[in-house]
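K.L.:
Sequence below, structure please.
(one chain, ligands or ions: 1)
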Amino acid sequence: MSEFKIGPLNHVGVAVPDIREAIETYRTLYGATDITTPFDMPEQGVKVCFVNLPNSQIELIEPLDENSPIHNFIRNNPKGGQHHVCFEVADIHEAVKEMNARGATVLNEPRIGAHGTPIIFVHPKHSNGVLIELMETPKEAH
Ligand code: CO
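P.N.:
The predicted structure follows:
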């Protein structure tokens, strides 16, 4: 087995039915002050923003329409819910290779995620029911 391992927790993904309301909750209930402006990622079927915290981020994701990959999640969890956890990795292609070698199911070809670096998702059945996102560390960030 290679030395491959996950790096820092980058963000926790939270699916929400209404991103404006969710932002208001983080502002007014939790006092968060650094929240990015929501933007659409049509190729992923979601509207996204980040609540920036000193050590991590909360990624709020709202389905753009009923073809969204999180449409069913919101239908099953109408108030929203914790959707995935994202860890940084040094090299996404090494991550794909190692996940496959270690018997996990990688759900997608690497694609550019909300941070502008390639991401993959690993099936929750391998991780105690938690959908895992692996994201290549942005080169300038560390
Ligand atoms: Co994410």
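K.L.:
Tell me the predicted confidence for the closest residue to Asn77 other than its chain neighbours.
P.N.:
The shortest distance from Asn77 to any residue other than its chain neighbours is 7.0 Å, reached at Ala15 (Cβ to Cβ, 6 or more residues apart in numbering). All C-beta spots, glycine's among them, are computed from the backbone N, C-alpha and C. The model reports Ala15 with a pLDDT of 98.
K.L.:
where's Ala15 relative to Asp65, distance?
P.N.:
For Ala15, the distance to Asp65 (Cβ to Cβ, to the nearest Å) stands at 14 Å.
K.L.:
which one of the two has more residues nearby?
P.N.:
Neighbour count, other Cβ atoms under 10 Å: between Ala15 and Asp65, Ala15 has more, with 25 against 9.
K.L.:
Now for that one: which residues touch it?
P.N.:
Ile61, Glu62, Pro63, Ile70, Phe73, Ile74, Asn77, Gly80, Gly81, His83 (Cβ atoms under 8 Å, 6 or more residues apart in numbering).
K.L.:
Parallel or antiparallel, list what pairs with the least confident helix or strand in the chain by mean pLDDT.
P.N.:
Counting by mean pLDDT, DSSP states H and E, the chain has its least confident helix or strand at strand 111-112, which shows a mean of 94. Here strand 111-112 has these sheet partners by DSSP bridges: strand 118-122 (antiparallel).
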